[in-house]
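Trainee: Sequence first, then the predicted structure, then my questions.
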Amino acid sequence: MSNQNPVFIPGPTNIPDRLRLAMQVQTQDHRAPDFVDTFAPVLEDTKKVFGTVPGQIVTFPASGTGGWEAAVTNTLSPGDKVLVARYGVFSHRWIDLCQRHGLDVQIVECPWGEGAPADRFQAILAADTAHQIKAVLVTHNETATGVRSDIGAVRRGMDAASHPAMLFVDCVSSLASMPFEFDRWGVDIAVSGSQKGFMLATGMAILCVSPKAIAAMETAKLPRTFFDFRDMMAANASGGFPYTPPLQLIYGMRESLKMLFEEGLDNVYARHFRLAEGVRRATDAWGLKLVAHSPELYSDTVSAIYVPEGFDSNALTDHAFNAYGVSFGIGLGQLNGRAFRIGHLGSLTDVMVLSGLATVEMAMADLNYPIKLGSGVAAAQEYYRNTGANPAKAAA
């Protein structure tokens, strides 16, 4: 029965029954004339979640990593210079991908717990008078550290430097959970996936591409076949796919968008903030510290939490799973053994988050952490009681 417990990892997230049922469809002909009636609205409605009008949605049967590769290979050429900061595992992996593709990667090293350094980007771009830097790559929500970067500030820095570089953003663990403003922030390619805020199974990379990035395809010389924007866009224009699509995920995506719009995107974002703030209140009550250095950096989808000196965070997450059947995120990279992560995105409610907090609190007590049993849960309960739609309080 333990598999009935929710997971508290930052993705893949819990799949609501409504979406599981939507994905349980029989095989259909993706070349039939009526496939366009299913697929075209998904592409159009997804634009609303990215916050774009002129941007074009492109999907691939892949995870977010495939989306990264598509972004790079469709717009850049071997030897092109890109600018990127390293402040966590996922920003590092994008660096690694670019290096493997023969790009000249200028890396800005940042402490883990910090976000994208907009001011340093601006200075580097201002000094690049020959405009050798072709793209700036930013991880919006660094899942390893629980840090959200200010993409608007990065764009303002690029504009202040009068630099024509494209702006690529990884929003895999933020889209459909936290506000994203593709057009307003001047993003050229944003990369996401089906398995986090959209609450679906892993298997669909979801990208939004600006007209500027589409124009860059004409001169890009990196090889691509499976991830070729041109092939996908040409097929999508008539409502089709250049090869076999992930049909079940497309049906799931259609239903996921309905769920998000029924709740209202602003309400979705407010719910994620509330869930996250409850976790943050619990963390403070335990006397523990977040990896994120300051409140403006706090992610609303995942909290990375340091364990006390002398404790092993891997032992904690293992014990929570073995004793109580609940999964929490392990520490990644340099945080391995030093921090655990609580994912609080997707299909979650106050009550579900409280169950996760109670579970990890029990696991910490079992392992003799210096915490008071019930303290974190009580702090979150008090916050949720006073900020949620409590009918009794509303009537008082």
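Mentor: Okay, I see it.
Trainee: which residues are contacting the longest helix seen in the chain?
Mentor: The longest helix of the chain (DSSP state H) is helix 265-286. Helix 265-286 is touched from outside by 48-49, 176-179, 260, 263, 289-290, 298-301, 303, 305, 342, 344-345, 348-350, 353-354, 357, 361, 364, 369, 371, 375-380, 382-384, 387-388, with contacts defined as C-beta atoms under 8 Å, 6 or more residues apart in numbering. In this view, the C-beta of every residue, glycine as well, is placed from N, C-alpha and C.
Trainee: Helices of the stretch 51-200 of the chain, residue ranges please.
Mentor: For the stretch 51-200 of the chain, the helices defined by DSSP state H, counting those that start in this stretch cover 64-73, 89-100, 118-127, 151-160.
Trainee: Need the winner for burial among those helices.
Mentor: Stretch with highest mean neighbour count among the helices of the stretch 51-200 of the chain: helix 64-73 (a mean of 24; mean count of other C-beta atoms under 10 Å).
Trainee: lowest confidence element among the helices and strands of this protein?
Mentor: Within the chain, no helix or strand scores below helix 391-395, which has a mean of 43 by mean pLDDT, DSSP states H and E.
Trainee: mind listing what the residue nearest the centre of the chain touches?
Mentor: In the chain, the residue lying closest to the centroid (C-alpha atoms, centre = their mean) is residue 173, at 1.2 Å. Neighbouring residues of residue 173 by C-beta under 8 Å, 6+ apart: 10-11, 141, 143, 196-197, 299, 301-302, 345.
Trainee: what's the answer for residue 60, then?
Mentor: Counting by C-beta under 8 Å, 6+ apart, residue 60 has contacts 66-67, 70, 204-205, 207, 226-227, 232.
Trainee: Look up the closest residue to it, ignoring the ones flanking it.
Mentor: Nearest non-adjacent residue to residue 60, counting by C-beta to C-beta, 6 or more residues apart in numbering: residue 205, 4.5 Å away.
Trainee: thought the one you found was touching residue 71?
Mentor: No - look at residue 205 against residue 71 with C-beta atoms under 8 Å: they stay out of range, at 9.5 Å.
Trainee: any common contacting residues for these two?
Mentor: Common neighbours of residue 205 and residue 71, using C-beta under 8 Å, 6+ apart, are residue 191.
Trainee: Just the contacts of helix 265-286: which are in helices?
Mentor: Using DSSP H, the contacts of helix 265-286 in helices are 48-49, 260, 263, 350, 353-354, 357, 361, 364, 375-380, 382-384, 387.
Trainee: Just the buried residues out of those, in PyMOL syntax.
Mentor: Selection of buried members from those for PyMOL, criterion 16 or more other C-beta atoms under 10 Å:
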select buried, resi 49+260+350+353+354+357+361+364+376+377+379+380+383+384
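Trainee: Give the residue spans of the chain that score low on pLDDT.
Mentor: For the chain, applying pLDDT under 70 flags the ranges 1-2, 389-396.
Trainee: hang on, the earlier thing: would JSON lines of the contacts of residue 60 with distance to residue 331 be doable?
Mentor: Shown next, in JSON lines, are these (distance: C-beta to C-beta, whole Å):
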{"residue": "66", "distance to residue 331": "25"}
{"residue": "67", "distance to residue 331": "25"}
{"residue": "70", "distance to residue 331": "29"}
{"residue": "204", "distance to residue 331": "28"}
{"residue": "205", "distance to residue 331": "26"}
{"residue": "207", "distance to residue 331": "29"}
{"residue": "226", "distance to residue 331": "33"}
{"residue": "227", "distance to residue 331": "31"}
{"residue": "232", "distance to residue 331": "36"}
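Trainee: Out of the residues you listed, which is nearest to residue 151?
Mentor: Residue 151 lies nearest to residue 207 out of those, by C-beta to C-beta, at 15.6 Å.
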